[in-house]
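Engineer: need a 3D model of the sequence below.
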Amino acid sequence: MIQVAIGSLLSALSTGLGALIILFMNRSMTHRWRDVLLALTAGIMMAASTMGLIPEALNNGGFSSLAIGIFLGVLTLTVLEKNIPHMDLHHSSHNIHFDEKAMLILAAITLHNIPEGLSVGVSYASNSQETGNLIAFAIGFQNAPEGLLVALFLVNQNINKFKAFILATLTGVIEIFTSFFGYYLTSYVKNLVPYGLSFAAGAMLFIIYKELIPESHGDGNERTSTYAFIIGLLFMIFLIEIF
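Structural biologist: Residues are numbered from 1 along each chain as shown. Here you go, the predicted model:
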């Protein structure tokens with residue numbers, strides 16, 4: 001239980017850690033650096049899902065539960081994407097006023113963090129404690145640049161830096177609650193762990209391929225982003241080998 005609390009807290013508050021940088025920035029981040037950060041986190045999440053979640057799901061269940069769980073994870077993210085307002089924060093113009101539309105965008109980002117919180121909680125419910133720590137780290141690493149990009153978006157809407165930092169941090173808080181929900185659900189419902197792990201893997205794969213990789217290739221930085229993706233992948237594999 002303590003591990004779940006620490007892991008979910010650190011992964012969720014990584015959003016605020018990334019957003020904290022906005023307080024010390026005098027100018028906007030270049031598209032190249034944004035793309036590098038997105039691709040780096042995509043590589044980390046790819047290794048975490050394919051070498052952490054998927055093998056653990058197979059060990060706890062089998063291929064059928066893995067396939068069903070991944071399909072449900074992808075389906076859930078597809079439904080969320082189709083029904084929640086979404087804006088490309090990384091390539092949007094700077095002339096959008098902070099109104100109810102911007103509030104919808106903040107709400108959308110918050111809701112998109114729900115599957116990430118579930119991934120952390122479900123991972124800690126598995127037989128391998130290391131899997132939970134690795135997934136919490138991967139999600140946290142992904143949340144940090146996301147928090148910074150959300151804060152940058154808010155500052156571009158003439159929101160002061162401190163308020164932007166607070167709002168960006170709050171978008172990640174929901175992951176703490178969903179982490180505990182995922183942990184308790186898979187801990188007390190028999191044979192649900194492999195489905196939960198594969199659900200988390202499917203959700204992460206969807207985010208990687210549908211969101212992170214395309215957005216990291218949107219400004220002509222494909223080669224640099226590819227290098228960053230590979231570095232992130234190798235970095236996470238290195239951590240998996242160590243722990």
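Engineer: does residue 235 sit in a helix, a strand or a coil?
Structural biologist: At residue 235 the chain is in helix, as set by DSSP: H, G, I helix; E, B strand; the rest coil.
Engineer: quick one: contacts for it?
Structural biologist: 43-44, 47 (CB atoms under 8 Å, 6 or more residues apart in numbering). C-betas here are computed from N, CA, C, even on glycine.
Engineer: TSV for those, including pLDDT?
Structural biologist: Formatted as TSV, these follow (pLDDT from 0 to 100):
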residue	pLDDT
43	91
44	89
47	91
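Engineer: count of neighbours near residue 54?
Structural biologist: Residue 54 has 21 neighbouring residues, counting by other CB atoms under 10 Å.
Engineer: look up how far residue 150 lies from the nearest residue to it once chain neighbours are set aside.
Structural biologist: The shortest distance from residue 54 to any residue that is not its chain neighbour, by CB to CB, 6 or more residues apart in numbering, is 5.1 Å, and that residue is residue 201. Distance, residue 201 to residue 150, by CB to CB, to the nearest Å: 25 Å.
Engineer: any low-confidence regions in this structure?
Structural biologist: In the predicted model, the chain carries pLDDT under 70 at residues 1, 27-29, 84-105, 108, 127-129, 157, 190, 243.
Engineer: would you map the helices across it?
Structural biologist: Per DSSP state H, the chain has helices spanning 2-19, 31-48, 54-60, 63-83, 100-112, 114-125, 129-156, 161-188, 193-206, 213-216, 222-242. These are given in chain order.
Engineer: what's the neighbour count on residue 148?
Structural biologist: For residue 148, using other CB under 10 Å, the count is 24.
Engineer: in JSON lines, list the helices of the chain along with distance to residue 25.
Structural biologist: Rendered in JSON lines, the data for the helices of the chain read as follows (distance: least, CB to CB, whole Å):
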{"stretch": "helix 2-19", "distance to residue 25": "11"}
{"stretch": "helix 31-48", "distance to residue 25": "11"}
{"stretch": "helix 54-60", "distance to residue 25": "37"}
{"stretch": "helix 63-83", "distance to residue 25": "30"}
{"stretch": "helix 100-112", "distance to residue 25": "20"}
{"stretch": "helix 114-125", "distance to residue 25": "25"}
{"stretch": "helix 129-156", "distance to residue 25": "8"}
{"stretch": "helix 161-188", "distance to residue 25": "8"}
{"stretch": "helix 193-206", "distance to residue 25": "29"}
{"stretch": "helix 213-216", "distance to residue 25": "20"}
{"stretch": "helix 222-242", "distance to residue 25": "20"}
